[in-house]
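Participant: Pasting the sequence and the predicted coordinates here, then a few questions.
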Amino acid sequence: MNLCSGKQGASALIYTGACCLKAVLFTGDTAKEPTLTVEDNVTSVGTNVKYFGMVSDECHSLYVEFPDGGLPCDNGIYATLSAAEGDYIIYYEYR
């Protein structure tokens, strides 16, 4: 069953435990060049699963869906947002 984090506007623990990262929706004010780093952990110190960055001068949205059942995360999912000028939703499935 796919679950989601709901709209997040700051760094946050998304899920604790084994799961699969299915997709990421990331929207940001690219004038501030926000980044989003998704970690396989319950804190910001973990294995970097994915890194997303925006470089331009407008607001943009980025949607990435991971094939083949998603990316496995053994410890959980923690998302680190670099700036308040971004929002994201993490889609995942627990195992």
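Facilitator: That came through fine.
Participant: what mean pLDDT does stretch 53-71 have?
Facilitator: The average of the pLDDT scores along stretch 53-71 is 79.
Participant: Could you tell me the end-to-end distance of that stretch?
Facilitator: End-to-end distance for stretch 53-71: 19 Å, by CA to CA, to the nearest Å.
Participant: What of stretch 12-26?
Facilitator: Using CA to CA, one end of stretch 12-26 lies 14 Å from the other.
Participant: which residues touch it?
Facilitator: Identification of contacts with stretch 12-26 by CB atoms under 8 Å, 6 or more residues apart in numbering yields 2-3, 5, 8, 36, 38, 42-43, 49-50, 52, 54, 61-66, 69-79, 86-95. Heads up, the C-betas are built off the backbone N, CA and C, glycines and all.
Participant: Go through the residues you listed and flag which are in strands.
Facilitator: Taking DSSP state E, the ones among the contacts of stretch 12-26 that sit in strands are 2-3, 36, 38, 49-50, 52, 61-65, 71-73, 76-79, 86-94.
Participant: Drop anything exposed from the residues you listed.
Facilitator: In the ones in strands among the contacts of stretch 12-26, burial by neighbour count holds for 36, 38, 49, 52, 71, 73, 76-79, 86-92, counting by 16 or more other CB atoms under 10 Å.
Participant: Enumerate the positions of the longest strand along the chain that are buried.
Facilitator: The single longest strand within the chain, with elements called by DSSP E, is strand 19-29. Across strand 19-29, burial judged by 16+ other CB under 10 Å covers Cys19, Cys20, Leu21, Lys22, Val24, Leu25, Phe26, Thr27, Gly28, Asp29.
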